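Student: need a structure here:
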Amino acid sequence: MALYNTTTRAEFEDKVLNNEKTVLVDFWAEWCPPCRAMAPILHDVAEAMDKDVDIVKVNIEDGADNAALAGEYEIRSIPNMHVFKGGKSVDQVVGMVPRPALEDILNKQIK
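Tutor: Okay, here's the model as predicted:
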């Protein structure tokens, strides 16, 4: 399963920007109930789509690098998920999303 947590800009660059796979980045915080509710959905998607998609979780309150990344990607509400392909954000989902809808969004980027 390809589900990672990042705490530094270097980890984000390695796992997201320099990754050849499609990457779903989940910007979240521990105090956010919808973010916590998304966690098992993201876990299931990571298992089901392991060969095609990596999922990277960025806790926006876990260090200066993560806070800066949230600013760079204009995260104004959470959960907020960006789909990256070739190091670029190509799609965005704000709020809680059911698993089938999230898989549909990711499948569009894989093809």
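Student: Have a look at this structure and report its longest helix.
Tutor: helix 33-48 (DSSP state H).
Student: tilt between the very next helix or strand once past that one and helix 33-48?
Tutor: Using DSSP states H and E, the next helix or strand after helix 33-48 towards the C-terminus is strand 53-59. Angle of strand 53-59 versus helix 33-48, following axes from the mean of the first three to the mean of the last three Cα atoms, to 10 degrees, is 150 degrees.
Student: what sits up against strand 53-59?
Tutor: By Cβ atoms under 8 Å, 6 or more residues apart in numbering, the residues outside strand 53-59 that reach it are 2-7, 12, 15-16, 19, 21-30, 42, 45-46, 66, 69-70, 106, 110. Quick note: C-beta positions are derived from backbone N, CA and C, even for glycine.
Student: Spatially central residue in this structure, please.
Tutor: Among the residues of the chain, Val25 comes closest to the average C-alpha position under Cα atoms, centre = their mean, at 1.5 Å.
Student: follow-up on the earlier one: report the buried residues of the longest helix of the chain.
Tutor: 35, 38, 41-42, 45-46 (16 or more other Cβ atoms under 10 Å).
Student: Check those residues against Ile60 and report the nearest one.
Tutor: Using Cβ to Cβ, Cys35 is the member of the buried residues of helix 33-48 that lies nearest Ile60, at 9.6 Å.
Student: Please report the distance of Phe12 from Asn107.
Tutor: According to Cβ to Cβ, to the nearest Å, Phe12 and Asn107 sit 24 Å apart.
Student: Give me the more crowded residue out of those two.
Tutor: Comparing Phe12 with Asn107 by other Cβ atoms under 10 Å, the one with more neighbours is Phe12, at 21 against 13.
Student: Skip the chain neighbours and tell me the closest residue to the more buried one.
Tutor: In this structure, Phe12 finds its nearest non-sequential neighbour in Thr6, 4.9 Å apart by Cβ to Cβ, 6 or more residues apart in numbering.
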